[in-house]
Every structure is written in C-alpha cells, then in structure tokens.
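Enquirer: fold the following for me, if possible:
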Amino acid sequence: MDVKELYEKLDSLMGSTVVLEGWIKNHRKQKEFGFIDFSDGTCFSHVQLVYDNKLDTFEEIAKYRVGSAIRVEGVVIESVGSGQKFEVQVKDIKLMGDCPEDYPMQPKRHSNEFLREQAYLRPRVNLFQAVFRVRSVAAMAIHTYFQSRGYVYVHTPLITANDGEGAGEMFQLTTLDLNRIAKSGSVDYEKDFFGKKVGLTVTGQLEAETFALAFKKAYTFGPTFRAENSNTKTHASEFWMIEPEIAFCDLEGLMNIEEDMLKYIVKYVLDNCKEEMEFFDKFIEKGLLDKLNKLITSKFTRITHAEVIDILRKAPVKWEFEPKQGEDISKEHEKYITEYFNGPVFITNWPKDIKAFYMKLNSDNKTVAAVDLEVPGAGELMGGSQREEDYDKLVNRMKELNMSFEGLDWYINLRKFGGCVHSGFGMGFERLLIYLTGVENIRDVIPYARTPKNCNY
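Expert: Predicted coordinates for the structure are as follows:
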C-alpha cells in the first residue's frame, strides 16, 4: 500500500494491518520504544511508525539509520501524541536497503546551495518533494488545458539549423574533431554530421507555427537551450518552454487565451497540491496562497507600452534606469506597474526596434502587435505577439534588419501558402514554477540545473 492511499482510505483502515514500503526520514530511539518518521514519496505527508521492545527484533530495528529503505507491516491506530491523527504500530520491519552514517540528507536544515551540490539526493527532502510534485502537476495542468481545448501537441526539433533569429545564443552541435579544427583554424561544415552548421534549439515557435497553419491550434512544450553567460536567479542554459500557436487569432484573442490558461494552471495546482502549497505559504513565501487566489479572480489590465512609459515617468520614484519611450522596461518598472494596477498587466504594442522580426507591424509603422504579461512578484511571465501574416511586410522587415533569408524560406512561404492571421506566445516553465512556489532561484525548480560552468549529473 502507498502512503497516499493510506491517507485517502484512513477511516476504513483504522485497526487494520497494512504493509508499507519506503524510507526512514528520521529515527528517535528510546530505551523501551522508538519512533520512525516514514515516507514513500507518494504524498507530501509522512507516517509515524511506533515500535516497542515487545518485538523480538527491537534491538535490530533500533539500529536502522536515516535514509534506509524498509518494508513495514503494522496496525493503523489512533495516535496518542499530538501532531498526527494516526500512527502505525509496527508488527515487523525488514531492512530493504541500508544507509551509512554519513548519509548527506540528515534530518536537519540544509542550505539550498548545499542541496544543489547533492542534486541527486535533494528530491528526498521536504522542500524538493514539494517543488517537484508541483512541477509534475503543473506540467499535467498545461497538457490538460491545451488537450481539452483541441490543441495538437507537436514535438518541435531540439537540433536545428534555425537560430530563432535573436531569441538567444545557440549551443553549437558537431561531430567534428575540435582539436583538429583548432590546429587547422577552419571548419568544413560539409564534413559535419548534418552537412551544415547546427545547434540546440532556442525556441520551438517557428516550427509550431507550421502546425498551427495546418491544425488551427498547436502547442509545443519541451526543453530549449540558451548559451548565455548569465548567472542570475532566473536564467538557466537549459529550460522548458510552453509555446502555443493559434490560427485565426489576433492579439486580443491571444491575451484572452493567456489569461485563461494561467488562471487554469494556478487553480489546478492549488486544487491538486494542497499540502505542498500550504508548505510553501508557511515556509517559503508568506502570503503565497493569497497572491495566487487573488490572481484567479482578478481581471488582467491591458495597457500599451507608450502608456506604461507615461505612467512610469510621472511616478514619484527615483529610477535606477530612466524609463524612455521607444525603449525596453526594467525589473523595477515591471514591479511598479503591477503594484500600480494591483494585479497582472498585459503590456501591448511595443516599439518594433526592440522586438523580433516576425511580429506584426502596426499601422503606425513604429510599433508591433506584441504583448508581455507582467505578474505581481515575478515580473514578465509570458511574451507573445500577433505574427506578421503579410508576405511582403515580413520580407521588407527582414531586409530592414539585414537578415539572411537562407534557411528561413519555408517560414516565409507560410505567408504565401494559405497564410492567415495567427498569434502565439511563450512561457518559461521554470519562471512559472518560481511564481507558483515562491522558490526564488531557477536552479531550485529544475531537477538538474544547467548553468555556466555547471553541468553535473
């Protein structure tokens, strides 16, 4: 039996004998009896095992160490102590896997920095039991949202010759002998595995657009890679992205989808991870549950980039980075705007010079139909746009930017072959998890972080 099942069927199991398999989280031994804090990972709650010296194996059980895997047979009884409704009176314990005294995950408080160094063991501690359960459930929420609304899930390539045109620095991929190249001073890509220069994808957006123009609604959800030498709390070299693309959808329709999806995911996680979310609210971010419940019921503000700059410039604040028309906004600006409107804010119609080539040019020829979603406490959570559906405008925009057409002919041709109004957005999965859990560092919401100078495990 799993611990999760035990909790779900507790009333009917009182007085019954159960068999559990899992691990010792803590072990308090006394002269005549002992207590084992037991978990099998199937739910956030643990079980207290109680054994006494009436057992023939009492002395042997008392030697079992923290971290050991055990098989327990015992009777579910009402707890005589405070802190739990029930406990299991042990009839027999078998040691399934011993653990040494120097096991790193001892029952004490560990720093997140230490736990990153023990990433293969950190899923066993409470914080990361909660984080990775929420990660799993949030992923399910994303798939459920899109699948239940008729989207096709497309697996876009991880190896690509397309660099996403400015989405981020690419990791190059090769089978060539780098030592030989270093000596010769030149690279002959025709001799490489794919016969051309390729790398790890920075986005699945462009390929997802091809599926949206065949299935009407498509999404990709998978790993992406950025070779940026950044060591901030919100940057990683490998992370997961959710990228939906929708045909016959303009910018207003896109914002409706973004708002609806985010509220759905937040509610799904709150409904299915109650204990974990209460843990985060108590120990990680005070007021987290209030913040998330407020988001579910709030109406997202919609405002243009120019209007945002006007508000920022009139604000009684001494800015570190002065807000200017035609320029990007900083973290301090994002924070102020969400506080100003007391909730999430869609910022639309961004200056074309700071946005990607594929975004639809507005009639003023100065801005594009782009949108960023800013949320309280996290800043930018999603970025999207209406895509440029006009073939000539897209080509002209690429010429303005002196972009190479090589390798992008297929993408441009989408506008010739039955093109239509279409839109899409991207959301970093780890950024979402930071927002959901209150855990501040991206390295702590992904199982094995890949950051500059760090590729362990």
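
Enquirer: what is the burial count for Val131?
Expert: 25 (other Cβ atoms under 10 Å). Where C-beta positions appear, they are placed from N, C-alpha and C, glycine not excepted.

Enquirer: how about Phe221?
Expert: Neighbour count of Phe221, defined by other Cβ under 10 Å: 20.

Enquirer: for it, list each beta-bridge partner.
Expert: Beta bridges link Phe221 to Ile242, judged by DSSP bridges.

Enquirer: that one contacts Ile265, correct?
Expert: No - using Cβ atoms under 8 Å, Phe221 makes no contact with Ile265, being 11.9 Å away.

Enquirer: shared neighbours, these two?
Expert: Common neighbours of Phe221 and Ile265, counting by Cβ atoms under 8 Å, 6 or more residues apart in numbering, are Ile142.

Enquirer: these two touch, right, Ala138 and Leu436?
Expert: Yes - taking Cβ under 8 Å as the definition, Ala138 is a contact partner of Leu436 at 6.4 Å.

Enquirer: shared neighbours, the two?
Expert: Applying Cβ under 8 Å, 6+ apart, one finds that Ala138 and Leu436 are jointly contacted by Val269.

Enquirer: the two: which has the busier surroundings?
Expert: Applying other Cβ under 10 Å to Ala138 and Leu436 shows that Leu436 carries more neighbours, namely 26 against 22.

Enquirer: got the phi and psi for the more buried one?
Expert: As for Leu436, its main-chain torsions (degrees, to the nearest 10) stand at phi -70, psi -30.

Enquirer: against Lys393, how distant is it?
Expert: Distance, Leu436 to Lys393, using Cβ to Cβ, to the nearest Å: 38 Å.

Enquirer: at which residues are the strands of the stretch 201-350 of the chain located?
Expert: Remark: strands assigned in the stretch 201-350 of the chain by DSSP state E, counting those that start in this stretch are 217-225, 238-247, 301-304, 345-351.

Enquirer: could you export the ones you listed to CSV, including columns for distance to Gly74 and mean pLDDT?
Expert: Output for the strands of the stretch 201-350 of the chain, formatted as CSV (distance: least, Cβ to Cβ, whole Å; pLDDT from 0 to 100):
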stretch, distance to Gly74, mean pLDDT
strand 217-225, 42, 97
strand 238-247, 41, 98
strand 301-304, 56, 98
strand 345-351, 54, 98
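
Enquirer: what about Glu190, which SS state?
Expert: Following DSSP: H, G, I helix; E, B strand; the rest coil, we place Glu190 in the helix state.

Enquirer: apart from its neighbours in sequence, what residue is nearest it?
Expert: Lys196 (7.8 Å; Cβ to Cβ, 6 or more residues apart in numbering).

Enquirer: does the one you found really touch Asn162, like I thought?
Expert: No - Lys196 is beyond contact range of Asn162, at 11.1 Å (criterion: Cβ under 8 Å).

Enquirer: more neighbours: which of the two?
Expert: Neighbour totals were compared for Lys196 and Asn162, and Asn162 leads with 20 against 10 (other Cβ under 10 Å).

Enquirer: contacting residues for Leu289?
Expert: Contacts for Leu289 (Cβ under 8 Å, 6+ apart) come out as 270, 277-278, 281.

Enquirer: try it again at 6 Å.
Expert: Taking Cβ atoms under 6 Å, 6 or more residues apart in numbering, we find Leu289 in contact with Asp281.

Enquirer: how near is Asn413 to Gly67?
Expert: Distance from Asn413 to Gly67, counting by Cβ to Cβ: 58 Å.

Enquirer: neighbour count: the two, which is higher?
Expert: Counting neighbours by other Cβ under 10 Å for Asn413 and for Gly67 shows that Gly67 has the greater number, 21 against 12.

Enquirer: please enumerate the strands of the stretch 1-150 of the chain.
Expert: 17-29, 33-39, 47-52, 69-78, 86-97.

Enquirer: now the angle from the third one to strand 33-39?
Expert: Think strand 47-52. Inter-element angle recorded for strand 47-52 and strand 33-39: 160 degrees (by axes from the mean of the first three to the mean of the last three Cα atoms, to 10 degrees).

Enquirer: show me what strand 47-52 is packed against.
Expert: On a contact count with 3 or more Cβ pairs under 6 Å, 6 or more residues apart in numbering; DSSP states H and E, strand 47-52 meets strand 33-39, strand 86-97.

Enquirer: could you give the angle of the shortest one to strand 17-29?
Expert: Here strand 33-39 points in a direction 110 degrees away from that of strand 17-29 (the same axes, to 10 degrees).

Enquirer: who does strand 33-39 pair up with?
Expert: Partners of strand 33-39 in the sheet, by DSSP bridges, are strand 17-29 (antiparallel), strand 47-52 (antiparallel).

Enquirer: most neighbours per residue, which of the ones you listed?
Expert: Of all those, strand 47-52 has the most neighbours on average by mean count of other Cβ atoms under 10 Å, namely a mean of 20.
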